[in-house]
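*Asks:* Can you look at this prediction? I've put the sequence above it.
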Amino acid sequence: MSSTWSKKEAKSLLVDLVSIPSYSGEEKQCAEKLVEFFQNHQREVWIDEMGNVHSPANDSVLLTSHIDTVPGEIPVRVEGDVLWGRGSVDAKGPLSAMAIAAVTNGVSFVGVVSEEHDSLGARHLVKTRDAIPDHVINGEPSGWDAIALGYRGLLNGTYVATSRSGHTSRPEKNALQDAIEWWSSVETCFNEVDFSPEPTPTQSENSIFEQVTPKPIMINGGISHDGLSVEVTFDVQFRVPPHLSVDEVREIADNELTTGTVHWKDMVNPVMMSARTLPARAFRTAIRQFDAIPRQLRKTGTSDMNIYADSWDVPMVTYGPGDSSFDHAPDEQISLPEFYLSIDVLNNVCTRLSKL
């Protein structure tokens, strides 16, 4: 453990990681760069069979973020105080900040793979890690002065139906119409029936976070190769708010079926952490020490924190530098001063939690 950190080293690590493409499933080279960083700081480190990078230490805090990015080549460049490049915000900014904070404070670190695809890295981590950490800080862009306490859950499914082929002038519905009818019914159900809880004074009655968001992803269909039937497959997705479970949303969608079947997959429960936990309080205190008013976010997407919260009954928050409006964007970029501030905040928080 070192007692100080340098902006030069932090910037170098961030630029190096952003410069290495690491799309989901192709994280090896980036993981090896992380291993080199921890080895240079005399830290135990290894890569597991899934591709996650482990550097265990003081388990009073586990800092964890993801190594992978979505596809998209963005030339890496620094212009003034801004770094451009794929993954600079989501989530190599948080990943790099956490690596620096881990070696500065001697706390545990894991860089996980495949968050952007199926969270296989996080799922493997909760199944195989022997010790459960006291506190988890998950790395995603929240802005240096904010923490995320909640994420909606995720439910993916594929609707499948087959009907007899026939002349298009006939009145009987075919499988394509069945799929469209089912989805229209599902959308109407979630749009017209109010599944929201009674709003609290801090919530908007129309908050997207409190709603189920159904979204069509892909539809394929038409006459089969043998010409005897009409076939359709329809991929759909739901974002699930914390007051509902994934199972409840699945049951509602199944109840709208009259034909066809749905094969459900990628079921991730929502998470909502209390603002009164020790990590949340430590972040608010740290952010105020750097002359900002702390913000608390509820994110409409899904993250690896959902996976951790489903398996580990410990306090956790999500934190990291970067403006999340640049997530997956063609102009993804991060402010270097904000990146440095996030390291200061993480160091402050880790120091506080390590002393408990």
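*Replies:* Received the coordinates, thanks. Numbers count the residues shown, from 1 in each chain.

*Asks:* in what helix or strand does Tyr159 lie?
*Replies:* Counting by DSSP states H and E, the element that carries Tyr159 is strand 153-164.

*Asks:* Could I get the average pLDDT for that strand?
*Replies:* For strand 153-164, the mean pLDDT works out to 95.

*Asks:* Now the following helix or strand past that strand - C-alpha only, CSV.
*Replies:* Scanning forward in sequence from strand 153-164 by DSSP H and E, the next helix or strand is helix 175-192. Output of helix 175-192 as CSV, limited to C-alpha atoms (Å, rounded to 0.1, in the frame of the first residue of the first chain):
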residue,chain,number,x,y,z
ALA,A,175,-47.9,-16.0,-36.5
LEU,A,176,-46.6,-12.6,-37.3
GLN,A,177,-50.0,-11.1,-36.4
ASP,A,178,-50.0,-13.1,-33.2
ALA,A,179,-46.7,-11.7,-32.2
ILE,A,180,-47.8,-8.1,-32.9
GLU,A,181,-51.1,-8.7,-31.1
TRP,A,182,-49.3,-10.1,-28.0
TRP,A,183,-46.8,-7.2,-27.9
SER,A,184,-49.5,-4.6,-28.3
SER,A,185,-51.4,-6.2,-25.4
VAL,A,186,-48.3,-6.2,-23.3
GLU,A,187,-47.5,-2.6,-24.0
THR,A,188,-51.1,-1.5,-23.3
CYS,A,189,-51.0,-3.4,-20.0
PHE,A,190,-47.9,-1.7,-18.7
ASN,A,191,-48.7,1.7,-20.1
GLU,A,192,-52.3,1.9,-18.9
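
*Asks:* Could you double-check that Arg250 lies in contact with Lys265?
*Replies:* No. In this structure, Arg250 sits apart from Lys265 without contact. The criterion is C-beta atoms under 8 Å, and the distance is 10.7 Å. Glycine gets a C-beta too; all of them are placed from N, C-alpha and C.

*Asks:* tell me, what's touching the two both at once?
*Replies:* Gly157 (C-beta atoms under 8 Å, 6 or more residues apart in numbering).

*Asks:* So which of these two has more stuff around it?
*Replies:* Each of Arg250 and Lys265 has its neighbours counted (other C-beta atoms under 10 Å); Arg250 has more, 17 against 11.

*Asks:* which residues of the stretch 101-250 of the chain score low on pLDDT?
*Replies:* By pLDDT under 70, the weakly predicted segments of the stretch 101-250 of the chain are 167-169, 193-206.

*Asks:* what about 80?
*Replies:* In the predicted model, the stretch 101-250 of the chain carries pLDDT under 80 at residues 166-171, 192-206.

*Asks:* which residues in it form helices?
*Replies:* With DSSP state H, counting those that start in this stretch, the ranges of helices along the stretch 101-250 of the chain come out as 120-128, 175-192, 246-255.

*Asks:* Tabulate those (a markdown table), appending distance to Gly80.
*Replies:* Conversion of the helices of the stretch 101-250 of the chain to a markdown table gives the following (distance: least, C-beta to C-beta, whole Å):
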| stretch | distance to Gly80 |
| --- | --- |
| helix 120-128 | 34 |
| helix 175-192 | 45 |
| helix 246-255 | 44 |
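
*Asks:* For Gly153, find the nearest of those helices.
*Replies:* Ranking the helices of the stretch 101-250 of the chain by their distance to Gly153 (criterion: C-beta to C-beta) puts helix 246-255 first, at 5.2 Å.

*Asks:* For the closest residue to Thr302 other than its chain neighbours, give the beta-bridge partners.
*Replies:* For Thr302, ignoring the flanking residues on the chain, the nearest one in space by C-beta to C-beta, 6 or more residues apart in numbering is Leu154 at 4.3 Å. On the basis of DSSP bridges, Leu154 takes part in beta bridges with Arg239, Val268.

*Asks:* I figured Leu154 hits Pro241, correct?
*Replies:* No. Contact status for Leu154 versus Pro241: not in contact, 11.5 Å apart, counting by C-beta under 8 Å.

*Asks:* Comparing those two, which residue is more hemmed in?
*Replies:* Taking Leu154 and Pro241 together and counting by other C-beta under 10 Å, Pro241 has the greater number of neighbours (24 against 20).

*Asks:* Look up the closest residue to that one, ignoring the ones flanking it.
*Replies:* Nearest residue to Pro241 in three dimensions, chain neighbours excluded: Glu210, at 4.9 Å (C-beta to C-beta, 6+ apart).

*Asks:* got it, and Met273?
*Replies:* Spatial nearest neighbour of Met273, excluding adjacent residues (C-beta to C-beta, 6+ apart): Leu149 at 4.5 Å.

*Asks:* Kindly report the same for Asp266.
*Replies:* Distances taken as C-beta to C-beta, 6+ apart put Asn156 closest to Asp266, at 3.9 Å, once the chain neighbours are dropped.

*Asks:* and the residue nearest to Thr302, what does it touch?
*Replies:* When the contact criterion is C-beta under 8 Å, 6+ apart, the partners of Leu154 are Gln237, Phe238, Arg239, Val240, Val246, Asp266, Met267, Val268, Thr302, Asn306.

*Asks:* Thanks a lot, catch you later.
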